[in-house]
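# take this sequence and fold it.
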Amino acid sequence: MTTTTPAARDVDVAAAGDVPERGRLVVEIDGTTTVGIFRFAGRLYAWENVCAHQGGPACQGRIVSRVRERLDDGKRSLGMRFDEDTMHVVCPWHGYEYDVTTGRHPGVPGASLRSFPVAEVEGRIRVTV
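Residues are numbered from 1 along each chain as shown. Okay, the predicted model is just below:
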């Protein structure tokens, strides 16, 4: 039995200005796939809006800078700080966090979001599905 996979295609989803720096836009494509598009450090990233934990709408949660613990030379905690160089999106169902640039959960190996190629072309955002 031979199965065929539909050919990948570029879909125009929004104007470039619809996704501001450190912002996002969630779009539905063909009524079958929901994609979160993020802009961070001038680049676009596109992830399927399905949490690896329990299938929640991962791309629709709060956007935050990663929280890191500060340690002194003796490895004693000096408290927490926000790392402005790493942006996370937090799934609203159970709090799973994902790095917006890699799609990976910072503490659970293998937990990641499915990526889609995304590009900015002539002032428009295009996602390949």
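# for the chain, what's the longest strand?
Across the chain, the longest stretch assigned as strand under DSSP state E is strand 77-90.
# ok, that one: who's next to it in the sheet?
With DSSP bridges as the test, strand 77-90 is paired with strand 62-71 (antiparallel), strand 97-99 (antiparallel).
# and among the ones you listed, the most buried is which?
strand 97-99 (a mean of 22; mean count of other Cβ atoms under 10 Å). For the C-beta atoms, the positions are set from N, CA and C on the backbone; glycine is no exception.
# next one: it to chain centre, how far?
7 Å (Cα atoms, centre = their mean, to the nearest Å).
# now do that strand, average pLDDT.
For strand 97-99, mean pLDDT is 95.
# quick one: buried residues of the longest strand of the chain?
86-90 (16 or more other Cβ atoms under 10 Å).
# show me where pLDDT drops low in the protein?
The chain contains residues with pLDDT under 70 at 1-6.
# can you pull up the most central residue in it?
By Cα atoms, centre = their mean, the mean C-alpha position of the chain lies nearest to Val100, the distance being 4.0 Å.
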